[in-house]
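1. I need the structure of the sequence given here:
(chains A and B)
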Amino acid sequence: MTPADLEFVAELVRRHAGVVIRADKAFFIETRLGPVARREKAPGVAALLDQLRRVPDPVLTRAVVEATLMQETSFFRDRAVFEQIGKMILPDLRARRGAAPLRILSAGCATGQEAYSLAMLATDLAAPAGVEIVAVDFGSFPLEKARTGLFTHFEAQRGLPIRRLLAHFDKIDENWRIRPDLRQMIRWEEMNLLDDLSGLGRFDLVLCRYVLGSLTPEASVRVVDSLDAACRPDGVVVVGAAETPALSAAFSPGGTRGVWRRNPAFAHEPIHSRA
Amino acid sequence: MNTVRTCLVVDDSRVMRKVAIRIVEQLNFEGVEAGDGLEALTYCRAAMPDAILLDWAMPVMDGMEFLRQLRAEPNGDKPVVVFCSAESRPERIRLAVDHGAAEYIMKPFDGDIIASKFEAVGLI
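-> Below is the predicted model:
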């Protein structure tokens, strides 16, 4: 991949998703764009990008951005975080909310492993009914996969304890499909995290992990603002272990690295001014 | 006390043992091997390992029979047993779990899967 082609793709991704592509990612991007080029019947990645330069087709642009951003993920990624969510955060929220529904946001859900991990934890609650998970991602391909709840032999073994696999999945040929009762807990939304998320309502628990680290500073501020606003006054925000979001002063570290609790004494308004 | 922990890899395939031993050594275990359940039992009687990666279908003595006999040995409850088998029928996996397997890996596997399962049972 030529530096000019890499810069062209990087600019598309920066503009459409606010994500920074590092220069050492050239090989990785070329691998990702190969299937897109084949689908478009372009003779190669360079030709595909030429085509896109000549005709800035929004559908193709989106396909290129999506393919570049696709992420590998696993069930219960960062075990300690899910331990805390399952053993402390969810039971505590359930006790405080009483019969009211518990709302969880999985922002940047990719192929759904995070959302399904949360659904599995919700089934451990004394009253699993009334847990609503909203999972948002930019990519229509990963979301489509997430929605099916179908995972390969390899995916079903990454991070997923065998007891969970037996309890929550059915074997279909060589794949494993998560059961309908868990699938029904999740609503999938195709949305850009840079867009206004307020239509989704407020959440008791907001997860946005391994997203902020790759964003431009401006995009990161915007997404953090949205997460801040999406969190209920006494809710919890969870980011990636090594990510340090500029959350408002209402948040303080809440245990495991990446977990932030909101103090309800703070008035509910985002700290950064909105564009 | 010896601080290097041992993982006994039990599989009738020499290639499979080699692959698995390389992976557990990357996870800082000392890898030792046995070609069937009886050999594994002999090893355990001499020196109880910390972890056992256990195939199911093997000649002489299969994994399930080995596990049953292991648990009857003095200190036989000590090793964390992780099955590693081509058997992927849920009811069969459940049987292994009910008989005291801490985790279960379905073949084919890779290093990430072994690492994630070892992490799940607190071995790493």
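2. distance of the residue nearest to the spatial centre of chain A relative to chain B?
-> Per C-alpha atoms, centre = their mean, the C-alpha nearest to the average position across chain A is that of residue A:108, at 1.9 Å. Distance from residue A:108 to chain B, counting by C-beta to the nearest C-beta, to the nearest Å: 21 Å. For glycine as for every other residue, the C-beta is placed from the backbone atoms N, C-alpha and C.
3. quick one, what contacts the spatially closest residue to that residue that is not a sequence neighbour?
-> Excluding the flanking residues, the one nearest residue A:108 by C-beta to C-beta, 6 or more residues apart in numbering or on different chains is residue A:211, at 4.0 Å. With contact set as C-beta atoms under 8 Å, 6 or more residues apart in numbering or on different chains, residue A:211 has these partners: A:107-108, A:193, A:223, A:240.
4. neighbours around residue 115, how many?
-> With no chain named, the answer covers chain A. When counting by other C-beta atoms under 10 Å in any protein chain shown, one arrives at 28 neighbours for residue A:115.
5. wait, chain B
-> Other residues close to residue B:115 by other C-beta under 10 Å number 18.
6. run through the residues of chain B sitting next to chain A.
-> Residues of chain B that fall close to chain A, judged by C-beta under 8 Å from any C-beta of the partner chain: B:88-90, B:93-94, B:97, B:101, B:103-106, B:108-110, B:112-113, B:116-117, B:119-120.
7. what residue in chain A comes nearest to chain B?
-> Residue of chain A nearest chain B, by C-beta to the nearest C-beta: residue A:162 (4.1 Å).
8. where's residue A:235, which helix or strand?
-> Following DSSP states H and E, one finds residue A:235 within strand A:231-239.
9. for that strand, name the packing helices and strands.
-> helix A:90-97, strand A:203-208, strand A:259-262 (3 or more C-beta pairs under 8 Å, 6 or more residues apart in numbering or on different chains; DSSP states H and E).
10. ok, then the element right after the longest one?
-> Translated: helix A:90-97. strand A:102-107.
11. where does the chain dip in pLDDT?
-> Just going to use chain A. A:128, A:269-275 (pLDDT under 70).
12. that's the other chain; I wanted chain B
-> Short version for chain B, where the test is pLDDT under 70: B:1-2.
13. chain A: strands as residue ranges?
-> A:102-107, A:131-137, A:150-151, A:169-172, A:175-178, A:186-190, A:203-208, A:231-239, A:251-253, A:259-262 (DSSP state E).
14. now do the last one: which elements does it pack against?
-> Okay, so that is strand A:259-262. strand A:231-239, strand A:251-253.
15. could you pull out the helices for the chain?
-> Using chain A here. Under the criterion DSSP state H, helices of chain A are mapped to A:3-17, A:26-39, A:45-54, A:58-69, A:79-84, A:90-97, A:113-122, A:140-148, A:162-168, A:180-183, A:217-230.
16. please go with chain B instead
-> Assigned by DSSP H, the helices in chain B fall at B:14-26, B:37-46, B:63-72, B:90-98, B:111-120.
17. nearest to residue A:180, of those?
-> For the helices of chain B, proximity to residue A:180 was assessed by C-beta to C-beta; helix B:90-98 is nearest, at 16.5 Å.
18. which strands and helices sit next to that closest one?
-> helix A:162-168, helix B:63-72, strand B:80-85, strand B:103-106.
19. so what touches that helix?
-> By C-beta under 8 Å, 6+ apart, helix B:90-98 touches A:162-163, A:165-166, A:170-171, B:56, B:63-64, B:67, B:83, B:85, B:87, B:104, B:106.
20. from the centroid of chain B, which residue is nearest?
-> Mean-position check on chain B, C-alpha atoms, centre = their mean. Result residue B:53 at 1.8 Å.
21. need the contact list for that one.
-> Per C-beta under 8 Å, 6+ apart, neighbours of residue B:53: B:7-11, B:20, B:24, B:82, B:84, B:105, B:114.
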